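>>> Return a 3D structure for these sequence lines:
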Amino acid sequence: MGKNDFLSPKAIANRTKSKGLQKLRWYCQMCNKQCRDENGFKCHTMSDSHQQQMLVFGAAPTRVIEGYSDMFLETFMNHMKMSHRHTRIAATVVYNEFISDKDHIHMNSTKWATLTEFVKMLGKEGLCKVEDTPKGWFIVLIDRDPFEEI
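Below is the predicted model of the structure:
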């Protein structure tokens, strides 16, 4: 068996580690790269590909953040439409379901610093009915028929 064999213990361990969600702390949204630890993240930030991505970000940071914010909002609303179309549900529950997808857009790369800010925006924009209770923020999707707008 060779060193880089598909069934080697090291290859199996690496595939197992990369399957699930890992700490957000070592994730680079610009490069869409998850690192396992501080050293891996440090090596990634020194790489040429990361430096190129940071130059793109530096040229138009507002546009990049707006792009991530739009993608986050779109995917969050799609999740709401598919999973909780007519139900009143805690925003934290929806968010935890949403982030369970390994390839989701991370909120820290958007213009919203907290889930509370995001939920308030959903209410202000008329996308969801928002209710602040002692048990936390609750949201209900405002279901609009696309044919009504025509």
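
>>> Quick one: mean pLDDT for whatever helix or strand V130 lives in?
In this structure, V130 is located in strand 128-133 according to DSSP states H and E. Strand 128-133 shows a mean pLDDT of 94.

>>> Would you mind identifying the next helix or strand past that strand?
Following strand 128-133 toward the C-terminus (DSSP H and E): strand 136-141.

>>> thinking again about what came up before, in its sheet, what does the strand holding V130 sit against?
Strand 128-133 pairs in its sheet with strand 136-141 (antiparallel), by DSSP bridges.

>>> How far away from the center of its chain is the partner strand?
Its chain's C-alpha centre lies 19 Å from the corresponding centre of strand 136-141 when counted by C-alpha atoms, centre = their mean, to the nearest Å.

>>> Now for the chain: which helix has the highest residue count?
helix 61-83 (DSSP state H).

>>> what residues does it touch?
Residues from elsewhere that reach helix 61-83 (C-beta atoms under 8 Å, 6 or more residues apart in numbering): 29-30, 56-57, 94, 97-98, 104-105, 107, 109-112, 118, 127-128, 139, 141, 143. Any C-beta I mention is one placed from the backbone N, CA and C, and that applies to glycine too.

>>> Let me see the ranges of the strands in this protein.
Along the chain, counting by DSSP state E, strands occupy 27-28, 33-34, 89-90, 128-133, 136-141.

>>> okay if I get these as a markdown table plus mean neighbour count and distance to E66?
Putting these into a markdown table (neighbours: other C-beta atoms under 10 Å; distance: least, C-beta to C-beta, whole Å) gives the following:
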| stretch | mean neighbour count | distance to E66 |
| --- | --- | --- |
| strand 27-28 | 18 | 19 |
| strand 33-34 | 17 | 22 |
| strand 89-90 | 14 | 27 |
| strand 128-133 | 14 | 21 |
| strand 136-141 | 19 | 23 |
